[in-house]
Structures are given as structure tokens and as C-alpha cells.
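1. My questions are about this predicted structure, shown below with the sequence.
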Amino acid sequence: HFQNLNKQLKDFNMTNLPSISPSDIPKYISIAKDLDANIYLHGAPGVGKSAIVLATAKKMAADQGLDFYHIGKDPKPDNWETTSAFIDLRVATLDCLDVKGAPKIEGENTVFKVPSMLPDVMRHGKFGILFLDELPQGAPSVTNSLTQLIHDRIMGEHYKLPDSWQIVAAGNRKEDQANTSKLGAQVYNRFMHFNVDADVKAWAEYQITQGSDGRVASFVRMKPELLHTYKKNDIAFATPRIWSKVDQVVTANVLRGEDLETVVASLIGVVTAREVCGFLEIIHQLPSWSEIVKAPDTARLPDPGEKQVIGCYYALVGMCGNRVDFDTIDAAMEYVSRIPNREIQQTFIFELQVKKPELMATSAISKWRSLNSDIAV
């Protein structure tokens, strides 16, 4: 009993942080700025931490009517007073002198030159975000050198972080099999900390905005456990970032058959590639939303004999759940009721209950409940 209790306490301590989805990152960066606090985002590789921090910096600049300047990528703006910049320091690639600056002799003293990568109002802008990415992957000499900047917003005798700049940090965790250096408690205690967990729904919706044809997104929503598949010693494995590349390959519709499966396997591994490519082979059996609304009694249903048919059913109820409203609930319910697997029908009702509870009082749902009283929700 005590061994189990100790294990539970150990597990609790490892996860003693609030968990947020990638779509929550902008909100909490904004809150941290209002509180004049640093923020640290912990999460597995590929969940979207870095990309969303950059997108947040752009949006914050736009919301304030400022010019956005991604240092190292964008052309220099004309007016530093109306510029909000973004400096992306990949801590894992830095050397101690990159942070502290090179030493020089002044009289009888050794002083350190201010590194050009640190925020400066006259070179970078009055406002901005200093992003310390891959912080725990940095060498101890580098993370130790950053301690004074994180603690007191100064570096040595000659540098002070501009007042309107915010520090945001991110990094992979030890349990993600990432190479990590131990950060001191005094460093951790200077941040607001959040675990960032992969969010299937948010990822799928983002892919649609990027021009996806929706097929890969449908598969990942059907099999959310495959959004992040890393296991020890894996080389090719799925993450939201890599799924986006798979989605790009599939949507381009250039590769097919064995060539498509081989390329997808090079990104996410052979086993997962076989699953997604098997799904893609039969997804042509799925009707469009307009077909379902127009003729719910005759619109196509996947062939029950196909080995991926359950996945197709889940893709269908997911599509119907996203698109249905008061005007189309009768048609959607008639079509879903034709699916021979009642657990799939029940999944559709569960989705409505969570996403669109206002539809639960409609006659179409009441009819389904009366016909399925033993499993009705």
C-alpha cells in the first residue's frame, strides 16, 4: 500500500503543473505580460509551442497597432518607437559568451561586451518578446549565464532588458526523452509554468485553415492517440508538427500507392503510415456533407466489409457533428441512424451533447432516444 502511495505521490510531483492546449498559449502569454511575469511552456516535441509563441507575438503587435519585426528574418522597420520585435534564442545552440558577451580589458578591469542578440530599444524596438526556446536543452554554462537576466532583467554591469519586453521560455521535458540539463529551483521559481498538451481538435481545425483537404485531419481525429506517438529509441514518429507535413503531402495528391506510403512512413514510421494510408484508400466511400443533407436516406455508407470501416464511421460522425445545426439536424440524425454500429451513433449523440447542447432538445434527438432507450444519453 505504501509503495503504491509513494508512486502516486511521485507521479503527482512530476505533473504538478496546470495543463493547457496549444490554442491556450496566447491567452496565458497575455496574462503573464499583464502580471509582469515570465512564462515557461513545457511540452513534448512538435506540439506547436514555438510556432504559437511566434504567432502570439505577431498578434500582440497587431493588437497594439505596432509594426512586427522578427529579428533575423524581417527587414528592419523605420521607427523603433512603434516596433514590437521577436527574438528567438535557441538556447541549445548557444555558447556562454553568446549570452554574457566577449570579455575586454578596460584599465585594470575585465568587462563583458553586451551581446548583439539581447533586446535593445535602438536596434530591435521598444516592445517585444525574448523567446528562450529549448531552455532545458542548453548547456549548464549557458543556462547559468541566463539566470541573472531571468531573475533581475539585467546582464552584468552594462545591460538592462527594456521595460516593455517580455521573457517567454519553452522546452521539452525529461520524460520526452529529450536531452535536458537540470535547471536550478531559483530559475524555475521565476516563471509561471504550464504543461502544453497536444490538442487534436485545435490541430485539425488549424490544418483546414492552411489549405488541407481534411483527409489526414479526419484520420487523426478518429485516432487521437496517434497525434503523438514517440517511444524510446524511435527515429520517425508522429507529432502535430510532423502530421502537418503528412497532411501537406497527402493534400498535394501527387504521390499514390506504395510511393505515398513510403514517404509517409519516412515521417511517422511504418506502422502508423500503414494505418493512415489504409484509411485514405477507402475514404472515397464517404459522402460529402451536401450529399447527406440532400438525401440522408440514400447517401453513401462505407462498405461494412472494409477493414477500415470503423474509422470511416468515426470520420462521418465527426463531420456531421461539426456541420450540423437546427436546420440540418433531422437529415443528420436520419443518416447517422443508418450506421449499423449503435456505438458509433451514440458517439454522435455524445459529441452533440458536448459541442452543441442546444440541439439535444430537438425532435430528431428525442426520436433516436426513444428507439435506443437502452443506450440513450
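-> Received it, and whenever you're ready, just let me know what you need.

2. how about the strands in the protein?
-> 19-20, 38-43, 67-70, 83-90, 103-106, 109-112, 127-133, 154-155, 159-160, 165-171, 191-196 (DSSP state E).

3. can you pull the contacts of residue 236?
-> 265, 266, 267, 268, 269 (Cβ atoms under 8 Å, 6 or more residues apart in numbering). Every C-beta, even on glycine, is put in place using the N, C-alpha and C of the backbone.

4. How confident was the prediction at the fourth one?
-> The pLDDT attached to residue 268 in the predicted structure is 95.

5. What ranges does the stretch 201-350 of the chain have for its helices?
-> 215-222, 240-252, 257-268, 270-282, 289-294, 309-323, 329-336, 342-355 (DSSP state H, counting those that start in this stretch).

6. Ok, which of those helices comes nearest residue 32?
-> In terms of Cβ to Cβ, the element of those nearest to residue 32 is helix 240-252, at 23.0 Å.

7. Test my guess that residue 353 contacts residue 360.
-> Yes - Residue 353 is within contact range of residue 360, at 5.9 Å (criterion: Cβ atoms under 8 Å).

8. Could you export the helices of the stretch 201-350 of the chain as CSV, including mean neighbour count and distance to residue 90?
-> Shown next, in CSV, are the helices of the stretch 201-350 of the chain (neighbours: other Cβ atoms under 10 Å; distance: least, Cβ to Cβ, whole Å):
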stretch, mean neighbour count, distance to residue 90
helix 215-222, 23, 28
helix 240-252, 19, 16
helix 257-268, 16, 22
helix 270-282, 18, 28
helix 289-294, 16, 43
helix 309-323, 20, 37
helix 329-336, 21, 47
helix 342-355, 16, 38
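
9. for these, which one sits closest to residue 17?
-> Across the helices of the stretch 201-350 of the chain, closest to residue 17 is helix 240-252 (Cβ to Cβ), at 19.7 Å.

10. Just want the angle from that closest one to helix 215-222.
-> 140 degrees (axes from the mean of the first three to the mean of the last three Cα atoms, to 10 degrees).

11. between helix 240-252 and helix 257-268, how big is the angle?
-> Going by the same axes, to 10 degrees, helix 240-252 makes 160 degrees with helix 257-268.

12. so for helix 240-252, what's the average pLDDT?
-> On average, helix 240-252 scores 93.

13. what packs against that helix?
-> Using 3 or more Cβ pairs under 8 Å, 6 or more residues apart in numbering; DSSP states H and E, the elements in contact with helix 240-252 are helix 200-209, helix 215-222, helix 257-268.

14. burial measure for residue 83, as a count.
-> For residue 83, the number of neighbouring residues by other Cβ atoms under 10 Å comes to 20.

15. what residues are up against it?
-> 66, 67, 68, 69, 77, 124, 125, 126, 127, 128.

16. Quick check: nearest residue in space to the fourth one, chain neighbours excluded?
-> Spatial nearest neighbour of residue 69, chain neighbours left out: residue 85 (4.3 Å); criterion: Cβ to Cβ, 6 or more residues apart in numbering.

17. do the last one as well
-> The shortest distance from residue 128 to any residue other than its chain neighbours is 3.8 Å, reached at residue 85 (Cβ to Cβ, 6+ apart).

18. looking at it, that neighbour is touching residue 131, isn't it?
-> No - Residue 85 is beyond contact range of residue 131, at 10.6 Å (criterion: Cβ under 8 Å).

19. quick one: which of these two has more around it?
-> residue 85 (29 against 24).

20. So that one versus residue 51, what's the distance?
-> Relative to residue 51, residue 85 is positioned 18 Å away (criterion: Cβ to Cβ, to the nearest Å).

21. now residue 369
-> From residue 369 to residue 51 the distance is 43 Å (Cβ to Cβ).

22. so who does residue 123 touch?
-> Neighbours of residue 123 in contact, by Cβ under 8 Å, 6+ apart: 80, 116.

23. quick revisit: and the helices of the stretch 201-350 of the chain as CSV, adding distance to residue 161?
-> Output for the helices of the stretch 201-350 of the chain, formatted as CSV (distance: least, Cβ to Cβ, whole Å):
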stretch, distance to residue 161
helix 215-222, 40
helix 240-252, 30
helix 257-268, 39
helix 270-282, 43
helix 289-294, 51
helix 309-323, 44
helix 329-336, 54
helix 342-355, 43
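
24. nearest to residue 18, of those helices?
-> The nearest among those, by Cβ to Cβ, is helix 240-252 at 19.9 Å.

25. I'd like the distance from that closest one to the chain centre, please.
-> Distance of helix 240-252 from the chain centroid (Cα atoms, centre = their mean, to the nearest Å) equals 14 Å.

26. for stretch 300-313, same thing?
-> Using Cα atoms, centre = their mean, the offset of stretch 300-313 from its chain centre is 30 Å.

27. Next: stretch 35-53.
-> For stretch 35-53 - counting by Cα atoms, centre = their mean - the centre lies 10 Å from the chain centre.

28. Dump that stretch to PDB, restricted to CA.
-> Listed next in PDB are the C-alpha coordinates belonging to stretch 35-53 (Å, rounded to 0.1, in the frame of the first residue of the first chain):
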ATOM      1  CA  LEU A  35       1.300  40.400 -14.400                       C
ATOM      2  CA  ASP A  36       4.800  41.400 -15.400                       C
ATOM      3  CA  ALA A  37       5.800  37.800 -15.200                       C
ATOM      4  CA  ASN A  38       7.900  35.400 -17.200                       C
ATOM      5  CA  ILE A  39       6.200  32.300 -18.600                       C
ATOM      6  CA  TYR A  40       7.600  28.800 -19.200                       C
ATOM      7  CA  LEU A  41       5.900  26.300 -21.600                       C
ATOM      8  CA  HIS A  42       6.800  22.700 -21.000                       C
ATOM      9  CA  GLY A  43       5.800  20.100 -23.600                       C
ATOM     10  CA  ALA A  44       6.700  17.300 -25.900                       C
ATOM     11  CA  PRO A  45       8.500  17.900 -29.200                       C
ATOM     12  CA  GLY A  46       6.300  19.000 -32.100                       C
ATOM     13  CA  VAL A  47       3.200  20.100 -30.100                       C
ATOM     14  CA  GLY A  48       3.400  23.600 -31.500                       C
ATOM     15  CA  LYS A  49       5.000  25.700 -28.700                       C
ATOM     16  CA  SER A  50       7.500  27.600 -30.800                       C
ATOM     17  CA  ALA A  51       5.100  28.300 -33.700                       C
ATOM     18  CA  ILE A  52       2.300  29.500 -31.500                       C
ATOM     19  CA  VAL A  53       4.600  31.800 -29.400                       C
END
